[in-house]
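**Q** can't give you the sequence, but here's the structure:
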């Protein structure tokens, strides 16, 4: 066996080993929420950068037990706590938790006191970072619910004469607006500043390197800043801060499909910050702090803050970009390293979906469109392969004649290819063309919420998830679950169909001249069948359909080549 064959076999074996080990040992497990203690140390940044630490031995009971103002909109449900006006209960009513029909809706913000609490709030601070309104104070609400037609004002009258108001309004989408007002009725000058934050008790779990999840912000034109949770811990409580450079910036936390983001209405005196106040293992926080303002007696300080809390749906994000002049809120969608491929693919799929009404059909239509675009190149390649197949007997004759002289054998074979005007490397072209399309479609299926729980026909209820059937239990005929097995063992119907079509397509190609390589190539459809069992069903459907189209194209070309030779 020569060194090239040994390297090829070793590369395939290592790839399969990595796949098996990753599936068994490194696939993320569901977080056991009851193993995480409730955080009991709070830090607020001072204007000077000094950290004011407020320690407590127990959770904030007032926030947990305080009365709540329900949120009533077509898309958002939940409530606002009257303890501090904290927004820590928000569900997305259009999205099921585990399936489109799941009665449990997606909980985006989660109540204080839960192990995975996740909330947003706006505070009034003095220049040293101390709260001007105690966190346990219960605010008075002037309405029984918050809806697009009914804003809610939370108010608090302090003993020193200061009065504070949080005026909540909400649109019919996913944007909450809070006007935070402080009025000085104390008779003395008072220094006040606003501080808004989003705080998350548990970090989101990124899916390997495929998409980014965590703290994120835009502070300059056409630039996105991502700070991983581990990096925030290294930064420490002081955090990492940014200024908005002439744009309407924002800061937030992104998940695979969801986003919470703070957008101040006025930006010139705002400092954006990423921090983890208690160090590693403590809640992660994104925040924005305004400059201190001296309020004279009778004066009022007022500022608006917008909070986006919803799905990363491209049309929704672009709509808010235009409506509120926000700088690239759509940057929260992770289009990957090649957005020039993934974004056009998504928009093409969305366009086909508008016509066909099903994203699975849209994938089939997009595959046809890609095949048409690459038809001339693929056609040339398939013609070369058809001619090489016709030359297989002559190639075999040369191999036998010069079996003891490998160099002469290669020279004669290359001469034969030149005489017949065949490029032996042309067979690689269809595969090379398919690779960027494959990865772009994979990225689109993986990160865009439009594909989440998008059904196809038959047993595929979610194109963004793997084929739910398994050969182990005869595709559901046997009464036991295979959910505990590694994904690559649970061969579904679509991966098997993909493997069959790949085998048929490769059988139409001329066999490699080297017998060892020929044996390895025979096993490739089987290897890819196991590999694609772990991929989204939409991607496997694309690959299967692409194989079928290629088979038809190759078969037609082979017939034309044979007819031309016979003529």
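**A** Arrived safely. Quick caveat: nothing in here was measured; it's all calculated off a predicted structure.
**Q** now do the helix or strand hosting residue 519: which elements does it pack against?
**A** Taking DSSP states H and E as the criterion, residue 519 maps to helix 515-532. In terms of contacts (3 or more C-beta pairs under 8 Å, 6 or more residues apart in numbering; DSSP states H and E), helix 515-532 is packed against helix 3-21, helix 493-507, helix 537-566. (Glycine included, C-beta is placed from N, CA and C.)
**Q** among these, which gets the worst mean confidence?
**A** Note on the helices and strands packed on helix 515-532: helix 3-21 shows the lowest mean pLDDT, a mean of 48.
**Q** the helices in the chain, which residues?
**A** For the chain, applying DSSP state H gives helices covering 3-21, 61-65, 229-235, 314-324, 339-356, 359-373, 375-390, 392-401, 406-420, 429-447, 493-507, 515-532, 537-566.
**Q** make a markdown table out of those and add mean neighbour count and distance to residue 130.
**A** Below are those laid out as a markdown table (neighbours: other C-beta atoms under 10 Å; distance: least, C-beta to C-beta, whole Å):
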| stretch | mean neighbour count | distance to residue 130 |
| --- | --- | --- |
| helix 3-21 | 12 | 52 |
| helix 61-65 | 16 | 18 |
| helix 229-235 | 17 | 23 |
| helix 314-324 | 16 | 32 |
| helix 339-356 | 16 | 44 |
| helix 359-373 | 19 | 52 |
| helix 375-390 | 19 | 68 |
| helix 392-401 | 14 | 84 |
| helix 406-420 | 13 | 81 |
| helix 429-447 | 19 | 41 |
| helix 493-507 | 20 | 60 |
| helix 515-532 | 16 | 57 |
| helix 537-566 | 18 | 53 |
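**Q** those helices: which one's closest to residue 121?
**A** Ranking these by proximity to residue 121 (C-beta to C-beta) places helix 61-65 first, at 9.7 Å.
**Q** on that earlier part again, for the helices of the chain, which one sits closest to residue 468?
**A** helix 537-566 (8.0 Å).
**Q** can you name every helix or strand that that closest one contacts?
**A** Counting contacts by 3+ C-beta pairs under 8 Å, 6+ apart, helix 537-566 packs against helix 359-373, helix 375-390, helix 429-447, helix 493-507, helix 515-532.
**Q** and that helix, how far out from the chain's middle?
**A** Distance of helix 537-566 from the chain centroid (C-alpha atoms, centre = their mean, to the nearest Å) equals 34 Å.
**Q** mind listing what residue 257 touches?
**A** Residue 257 makes contact with 95, 311-312, 449, 452 under the criterion C-beta atoms under 8 Å, 6 or more residues apart in numbering.
**Q** before we move on, back to that, closest to residue 261 out of the helices and strands packed on helix 537-566?
**A** helix 429-447 (17.0 Å).
**Q** could you give the angle of the closest one to helix 493-507?
**A** Put simply, helix 429-447 runs at 170 degrees to helix 493-507, going by axes from the mean of the first three to the mean of the last three C-alpha atoms, to 10 degrees.
**Q** check contacts around the residue located most distally from the centre of the chain.
**A** For the chain, the residue at maximal distance from the C-alpha centroid (C-alpha atoms, centre = their mean) is residue 401, at 57.2 Å. Applying C-beta under 8 Å, 6+ apart, we find residue 401 in contact with residue 412.
**Q** residue 409 versus that one, what's the distance?
**A** When distance is defined by C-beta to C-beta, to the nearest Å, residue 401 is 8 Å away from residue 409.
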